[in-house]
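Student: sequence isn't available, so here's the structure alone:
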């Protein structure tokens, strides 16, 4: 297949790009490099530098490539930042995606896999969260993704656009030679690993008064390779009978922030200092997704089911990346 991957120079998009290439597919990466570097691109992928909001460039790229599918990862992802600057999330995540959809329709492309988020659910009434749970985001980041899902539904009904929307929470881990490297970094596991490497003094815990077993937030974690596999399965399923797929992706179990810190201590054998801070606005107490639907319908089966496995792969990557700092 020929696949266009928006945001393919990032963490998840870059992992998927490598998986596609390893399976013999041709990949064009479309990215503005705002949170990544050109060095992150694999040599055998075609690269187009541009904004998702640039409809003319997208139409040119799509017309030239005649792709079998589009995988859309390009987005801003910081829930905390979205509470302070919601306007840039609606412009970059929602409005820009409309330009992508218009370009796809104009060039006759009708298969899209959308990297959504389980933040669409907000504060869930029950856990683990099922796909038919209420959609009530607690931050503009989740709202910006939910608005895209609503657009996709209408594009499907009105124009026959086939799409899969994958909702997931925390992605972690690494594949051989490629892992998480956001600039700046804000995700929990790589930040804790920075403490293990001596690159930062401590890890901040935002809130110790949540209604959980140890007072810290509970989150779901899925390995980035398993997530990439789920995207491939979803793309394949769109070539069959169904034209609209919505799946949660997660491990089905939640871990508190303190449990994640303990896992890093076990895996690395190094002390991890913590600093307790007030809650951040927009952070739900418990977010755990059920993946039973995609397992039953598409046969998805995660290879990295244990938290220590996920962290071990991330630790290996971090040691390689920052070898000079150890």
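Tutor: Nice, thanks for sending it over. In this text, all values refer to a predicted model and were calculated from it rather than measured experimentally. Residues are numbered from 1 along each chain as shown.

Student: how about residue 28, secondary structure?
Tutor: Three-state assignment for residue 28 (DSSP: H, G, I helix; E, B strand; the rest coil): strand.

Student: who touches the residue lying closest to it once chain neighbours are set aside in this structure?
Tutor: Computed as C-beta to C-beta, 6 or more residues apart in numbering, the closest residue to residue 28 that is not its neighbour in sequence is residue 46, at 4.3 Å. The way it works is simple: take the backbone N, C-alpha and C, and place the C-beta from them, glycine included. Residue 46 makes contact with 26-29 under the criterion C-beta atoms under 8 Å, 6 or more residues apart in numbering.

Student: just the buried residues of these.
Tutor: 27-29 (16 or more other C-beta atoms under 10 Å).

Student: want to try JSON lines for those residues, with distance to residue 20 and pLDDT as columns?
Tutor: Listed next are the buried ones among the contacts of residue 46 as JSON lines, based on distance: C-beta to C-beta, whole Å; pLDDT from 0 to 100:
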{"residue": "27", "distance to residue 20": "5", "pLDDT": "98"}
{"residue": "28", "distance to residue 20": "10", "pLDDT": "98"}
{"residue": "29", "distance to residue 20": "10", "pLDDT": "97"}
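
Student: helices of the stretch 151-300 of the chain, start to end?
Tutor: Counting by DSSP state H, counting those that start in this stretch, one finds helices in the stretch 151-300 of the chain at the ranges 188-196, 224-237, 257-268, 292-298.

Student: adding mean neighbour count, mean pLDDT and distance to residue 22, write those helices out as TSV.
Tutor: As requested, the helices of the stretch 151-300 of the chain are exported to TSV (neighbours: other C-beta atoms under 10 Å; pLDDT from 0 to 100; distance: least, C-beta to C-beta, whole Å):
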stretch	mean neighbour count	mean pLDDT	distance to residue 22
helix 188-196	22	95	24
helix 224-237	22	96	10
helix 257-268	19	97	26
helix 292-298	16	96	20
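
Student: average pLDDT for stretch 49-67?
Tutor: Averaged over stretch 49-67, pLDDT sits at 97.

Student: can you list contacts of that stretch?
Tutor: Residues contacting stretch 49-67 (C-beta under 8 Å, 6+ apart): 1-4, 6, 28, 30-33, 48, 70, 74, 91-92, 95-97, 99-100, 102-104, 106-107, 109.

Student: again, 7 Å this time
Tutor: For stretch 49-67, contacts defined as C-beta atoms under 7 Å, 6 or more residues apart in numbering pick out 2-4, 6, 28, 30-33, 48, 74, 95-97, 99-100, 102-104, 106-107, 109.

Student: buried residues in it?
Tutor: In stretch 49-67, counting by 16+ other C-beta under 10 Å, buried: 50-55, 57-59, 61-62, 65, 67.

Student: how far does it stretch from one end to the other?
Tutor: End-to-end distance for stretch 49-67: 17 Å, by C-alpha to C-alpha, to the nearest Å.

Student: how far does that stretch sit from the chain's center?
Tutor: 22 Å (C-alpha atoms, centre = their mean, to the nearest Å).

Student: over to stretch 208-215?
Tutor: The answer for stretch 208-215 is 26 Å, by C-alpha atoms, centre = their mean.

Student: ends of it, what's the gap?
Tutor: 4 Å.

Student: same check, this time on stretch 170-188
Tutor: 9 Å.

Student: so where's the stretch 151-300 of the chain uncertain?
Tutor: 182-183, 240-241 (pLDDT under 70).

Student: that one: strands as residue ranges?
Tutor: Here the stretch 151-300 of the chain has its strands, by DSSP state E, counting those that start in this stretch, at 162-168, 170-172, 203-206, 218-223, 244-249, 254-256, 274-277, 286-287.
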